[in-house]
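> From the sequence below, what's the structure:
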Amino acid sequence: FFFFFFFQAEDGIRDVERSRGLGDVYKRQIKDYAEQKERMTNLIKQREEDRFNAKQEIRKKMIDRQYEVLSSIKNMEEQRLEKQVAEAEQKEKEKFEEKERKMREAKDNIEKSRLAQKAKRDAEAERDRREKEYYNSMWQTRMQELVLSPHR
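Below you'll find the predicted structure:
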C-alpha cells in the first residue's frame, strides 16, 4: 500500500528553486504523482507478468509431465499391441504349419496306399501269371500224355 501526500504551499514547503507561485508547486506535485503512479502501474504490470510467466511455467511443467505419462502409456500400449500381433502371427504360423503337416501326412498316406494297392495288383498279376504257367504246363503235360497214350 502506498500513500501519497500532497503538500500545499501554505505548509511552508517550498522548492529550492525560486518559486514562481503556487501553480508551479501544484504542477510539480502532479508531475511527481503521475511519475509515481506510472512507476506503480509498471510495477503492478511487471508483477502480473511475472505471476503469469510463473503460472505458465507451472502449466508447461504439468503439460510436460502429462505428455511423458501419456507417452509411456502409448509406448506400453504399442508394446502390448506388438506382442499381441506377434502372438497372433505365431499362432497363424503354427496353424499353417499344422495344416501343411497334415497335408503332407495325407499325401504320404495316399502314396503308401497307392503303393500298397500297386504291390497288391502286381502280386495278383504275378500269382495269375504263375497260375496260368502252371495250368499251361499241366495241360501241355496232359496233352502229351494223351497223345502218347495207347488208347487211341
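
> measure R127 to L148 for me?
Separation of R127 from L148 (C-beta to C-beta, to the nearest Å) stands at 31 Å. No exception for glycine: its C-beta is placed from N, CA and C like everyone else's.

> cool, and E35?
For E35 relative to L148 (C-beta to C-beta), the value is 164 Å.

> go on, N109?
N109 sits 57 Å away from L148, going by C-beta to C-beta.

> With Q66 instead?
120 Å.

> For this protein, which segments count as helices?
Remark: helices assigned in the chain by DSSP state H are 22-148.

> In this structure, which residue is most central in space?
Centrality entry for the chain: nearest residue to the mean C-alpha point is E78, 3.1 Å, by C-alpha atoms, centre = their mean.

> Tell me the spacing between that residue and E100.
Taken as C-beta to C-beta, the span from E78 to E100 is 32 Å.

> do the same with R114
The gap separating R114 from E100 is 21 Å, by C-beta to C-beta.

> now swap in E68 and tell me
Using C-beta to C-beta, we find E68 at a distance of 47 Å from E100.

> Show me the shaky parts of the protein.
Applying pLDDT under 70 to the chain flags the ranges 1-22, 150-152.

> Mind doing that once more with 50?
Counting by pLDDT under 50, the chain has low-confidence residues at 3-4, 11, 15.

> Neighbours of Q36, how many?
Residues near Q36, counting by other C-beta atoms under 10 Å, number 12.

> ok, now M103?
10.

> From K93, how far out is it?
In terms of C-beta to C-beta, M103 sits 15 Å off from K93.
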